[in-house]
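> Any chance you can model this:
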Amino acid sequence: MNGNRKKRRNRKRIIIILLMLLLCVLAVFYIISSAHSRAEARQKEAAAAEEADKAAAEAAEETAEQEEKAAQNAAGSHVIAHRGSAGDDELSFAAYDKAVEAGAKYIEADMVVSADGTVYVAHEDESKPMTGYDGYFSGMSDSQIDSLTTRSGNKVLKLTDLFDKYGDSVTYIVDIKYNAPRNAEALVKTVKEYGNEENVVAASFLPKALNAVEEELPDMTKIYLCSDQGTFNAGLGYSFADIICVPSDIMNADNLKAANDSGKKFSAWTLNTEEEIKNAIDLGVDMYFTDDSALAVRLEEENRKAE
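Numbers count the residues shown, from 1 in each chain. Next up is the predicted model:
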């Protein structure tokens, strides 16, 4: 009898011990699990904070890049890359790439027209100075011109080659070199075919040529290029001239005011020294031709007051 009681007490003790051990195990498991959960929560919080810091840093960097790009675009909006840049590569992709990379928002292309009526980029009709071939672009077919290279080994570009490469990232200043009606007609046709009237500016020393473009494309911007004070004074009365561009020796406050009073923007050609460019910026010249786009953009960023 006593033996059975003793056995029962022992069993109870064992059960109690086992229950206590189980409770201890459960308690340890809970503590470990809670610690693990807290560690995971801290890790998640740390990761979220790190992600938030990273996102904030990226946003700040993107904002800085956008501000820098906006500042460069504002600076480049006053700069016309004259033939892309000076030197043997002028009027080639090499020259235009250099200007665009520097930040110029306008690139200038002198135009000639082939016998097939295609607009090519060349400073004059005579091909020998550019290519070494003794002839005239206006008398050559497209295939003949396409077989030529410039003295520095570049292809003779069509105006549409520029359109295709640079799209609407720049504005094209196209200088009509000759009064023959076929020149203005070829430019008008090309602009209409590409539908980029807003992205092309016709420029010329020839009022007759600009007037011909005005009749077909009245909404397209036009620059009247002046050679002296007399032609500038005449240009003030040309209704087709949206911008009057003067040589550097008559780039002054009086002429700027006269242009603005006539409802026209004021421009200048061709500014290549730091002194000339700073003078243009100080005067508030709207835009100017230069052979050194990198210099001009830098000086614009440093000296042009916020607009």
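> Going by C-alpha atoms from here, please, whenever you check contacts or count neighbours.
Noted.
> mind listing the strands for this protein?
Taking DSSP state E as the test, the strands found in the chain are 79-81, 106-113, 119-121, 171-176, 200-204, 222-225, 243-247, 265-269, 287-290.
> Of all the ones you listed, which one comes closest to Arg11?
Minimum separation from Arg11 across the strands of the chain (CA to CA) falls at strand 171-176, 97.9 Å.
> May I have the residues that are in contact with Asp175?
Glu108, Ala109, Asp110, Met111, Ala202, Ala203, Ser204 (CA atoms under 8 Å, 6 or more residues apart in numbering).
> Go through the strands of the chain and pick out the most buried.
Highest mean neighbour count of these: strand 79-81, a mean of 31 (counted as mean count of other CA atoms under 10 Å).
> For that one, give me every contacting residue.
96, 99, 104-108, 173, 287-293, 296-297.
> now the strands of the chain in JSON lines, with distance to Lys44?
Compiled in JSON lines, the strands of the chain are given as follows (distance: least, CA to CA, whole Å):
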{"stretch": "strand 79-81", "distance to Lys44": "52"}
{"stretch": "strand 106-113", "distance to Lys44": "51"}
{"stretch": "strand 119-121", "distance to Lys44": "62"}
{"stretch": "strand 171-176", "distance to Lys44": "51"}
{"stretch": "strand 200-204", "distance to Lys44": "55"}
{"stretch": "strand 222-225", "distance to Lys44": "62"}
{"stretch": "strand 243-247", "distance to Lys44": "62"}
{"stretch": "strand 265-269", "distance to Lys44": "60"}
{"stretch": "strand 287-290", "distance to Lys44": "55"}
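> Just send these back as JSON lines, with mean pLDDT and distance to Ala253 too.
Below are the strands of the chain laid out as JSON lines (pLDDT from 0 to 100; distance: least, CA to CA, whole Å):
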{"stretch": "strand 79-81", "mean pLDDT": "98", "distance to Ala253": "19"}
{"stretch": "strand 106-113", "mean pLDDT": "98", "distance to Ala253": "24"}
{"stretch": "strand 119-121", "mean pLDDT": "98", "distance to Ala253": "34"}
{"stretch": "strand 171-176", "mean pLDDT": "98", "distance to Ala253": "24"}
{"stretch": "strand 200-204", "mean pLDDT": "98", "distance to Ala253": "23"}
{"stretch": "strand 222-225", "mean pLDDT": "98", "distance to Ala253": "18"}
{"stretch": "strand 243-247", "mean pLDDT": "98", "distance to Ala253": "12"}
{"stretch": "strand 265-269", "mean pLDDT": "98", "distance to Ala253": "10"}
{"stretch": "strand 287-290", "mean pLDDT": "98", "distance to Ala253": "14"}
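> Quick one, which of these gets closest to Glu214.
strand 222-225 (8.1 Å).
> So which residues lie in contact with the closest one, not counting its own?
With CA under 8 Å, 6+ apart, strand 222-225 has contacts from 201-207, 210, 235, 240-246.
> Can you tell me which of these is closest to Ala35?
Nearest to Ala35 among these: Val201, at 71.7 Å, using CA to CA.
> The closest one reaches Thr171, doesn't it?
Yes. Counting by CA atoms under 8 Å, Val201 touches Thr171, with 7.3 Å between them.
> This protein: helices as residue ranges?
2-76, 93-102, 128-131, 142-146, 159-166, 181-194, 207-216, 229-235, 253-261, 274-283, 293-303 (DSSP state H).
> Please name whichever of these is nearest to Val121.
helix 159-166 (5.9 Å).
> Which neighbouring elements make contact with that closest one?
In terms of contacts (3 or more CA pairs under 8 Å, 6 or more residues apart in numbering; DSSP states H and E), helix 159-166 is packed against strand 119-121.
> Run through the neighbouring helices and strands of the strand it packs on.
Packed next to strand 119-121, using 3+ CA pairs under 8 Å, 6+ apart, are strand 106-113, helix 159-166, helix 181-194.
> will you turn the ones you listed into JSON lines that also has distance to Ala47?
Shown next, in JSON lines, are the helices and strands packed on strand 119-121 (distance: least, CA to CA, whole Å):
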{"stretch": "strand 106-113", "distance to Ala47": "47"}
{"stretch": "helix 159-166", "distance to Ala47": "43"}
{"stretch": "helix 181-194", "distance to Ala47": "52"}
